[in-house]
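**Student:** the following comprises the amino acid sequence and a computationally predicted model.
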Amino acid sequence: MLAGCETISDAGDGAPWLVMVHGMSQDRRVFSAQVEAFRRRCRILLVDLPGHGLSADIPGPFGHAELAGHVAAALAAAGIDACHYWGTHTGTAIALLLALEAPARFRSLVLEGAVLPGQAMPSVDAALQQARTLARTAGVAEARWRWFDEADWFQVMREDPGPCRAAAHRAIVEDFSGAPWLYDGPAASVPSIEGRLAELDLPVLLYNGARDLPDFIATAGRLAARLPRARWVRIPDAGGFPAWERPDRVNREVAEFLAPLF
């Protein structure tokens, strides 16, 4: 098994694989409620991206291409020839890149707050640039704190902290190494893949919180219009991270989506 991954195999050797990949400043723990919901139906591979969680010591570059290479290596090390893939934010960009590169490896994609590689997202880019600047001038701890307290995609957690498990999510962010914010080297350029989306002829579930940022809503709309077999849903009373904020609702949607595919 590649370092930086965790495997949960309660479902037995014949069960389908479900690979879960987190976003910036998170780690595999962001899927804790999904692991509990699906661990008896699937073998689960949780991947911590370089600079995060169990992979905190893996150095950059931290671009989408490099992160996709890390996930591809994790799949190979685990001996996974075919899987269902569930990603959030950065994890969704990786999913799209990998599925275009090796479509036979993927049975379906579940994408939360999807990111389209090669496509600018002004509000996201601005928040990331602020975090990088703060990490380098005021320190990673200050950058992490303001990331959670000020970034719009955490707004629903801040407003409804109990049901949305805000304290537990803040603890995940506080464990983030900050290495991708401090890294100042180059990363591989990723051209827009929008023109190739029609090639992805596999089931895709897109979902966003009803209160997600406009950039993420717009991106999901573009993907829904171009992916041949996409379904797009919005989760009521959720913001940037519905699977964390409203896990029961999201888990029901995903279970319904995956049921005919298992």
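**Tutor:** Okay, I see it. Numbering: from 1, shown residues only.
**Student:** going forward, measure contacts between C-alpha atoms and count neighbours the same way
**Tutor:** Noted.
**Student:** enumerate every residue touching residue 60.
**Tutor:** 50-51, 179-180, 183, 185 (Cα atoms under 8 Å, 6 or more residues apart in numbering).
**Student:** apply 10 Å and report the result again.
**Tutor:** 50-51, 66-67, 179-180, 182-187 (Cα atoms under 10 Å, 6 or more residues apart in numbering).
**Student:** middle-most residue in this structure, spatially?
**Tutor:** residue 88 (2.3 Å; Cα atoms, centre = their mean).
**Student:** give the contact list for that one.
**Tutor:** Contacts of residue 88 by Cα under 10 Å, 6+ apart are 20-24, 26, 30-31, 94-95, 110-115, 207-208, 240-243.
**Student:** check which helix or strand covers residue 84.
**Tutor:** In the assignment (DSSP states H and E), residue 84 maps to strand 83-88.
**Student:** burial of the closest residue to residue 65 other than its chain neighbours, as a residue count?
**Tutor:** Distances taken as Cα to Cα, 6 or more residues apart in numbering place residue 188 nearest to residue 65, at 6.3 Å, with adjacent residues excluded. Neighbour count for residue 188, taken as other Cα atoms under 10 Å: 11.
**Student:** what's the answer for residue 189, then?
**Tutor:** 11.
**Student:** what residues are up against it?
**Tutor:** 63-65, 117-118.
**Student:** so what's the residue nearest to residue 65 up against?
**Tutor:** Per Cα under 10 Å, 6+ apart, neighbours of residue 188: 61-66.
**Student:** quick one: which of these is nearest to residue 126?
**Tutor:** residue 63 (16.4 Å; Cα to Cα).
**Student:** filter the contacts of residue 88 to the buried ones?
**Tutor:** 20-24, 26, 30-31, 94-95, 110-115, 207-208, 240-243 (16 or more other Cα atoms under 10 Å).
**Student:** what helices or strands is the helix or strand residue 256 falls within leaning on?
**Tutor:** Assigned by DSSP H and E, residue 256 belongs to helix 247-258. Helices and strands touching helix 247-258, by 3 or more Cα pairs under 10 Å, 6 or more residues apart in numbering; DSSP states H and E, are helix 32-38, strand 106-112, strand 204-209, strand 230-235, helix 242-245.
**Student:** how far does it sit from the chain's center?
**Tutor:** Relative to the centre of its chain, helix 247-258 is centred 16 Å away, using Cα atoms, centre = their mean, to the nearest Å.
**Student:** cool, and stretch 47-61?
**Tutor:** The answer for stretch 47-61 is 14 Å, by Cα atoms, centre = their mean.
**Student:** re earlier: and the residue nearest to the centre of the chain, how close does it get to residue 191?
**Tutor:** The gap separating residue 88 from residue 191 is 21 Å, by Cα to Cα, to the nearest Å.
**Student:** same question for residue 147.
**Tutor:** 28 Å.
**Student:** pull the contacting residues for the nearest residue to the residue nearest to the centre of the chain once chain neighbours are set aside.
**Tutor:** Of all residues not flanking residue 88 in the chain, residue 112 sits nearest, at 4.6 Å (Cα to Cα, 6+ apart). By Cα under 10 Å, 6+ apart, the contact list for residue 112 reads 22-23, 86-92, 205-209, 216, 220, 233-234, 240-243, 250.
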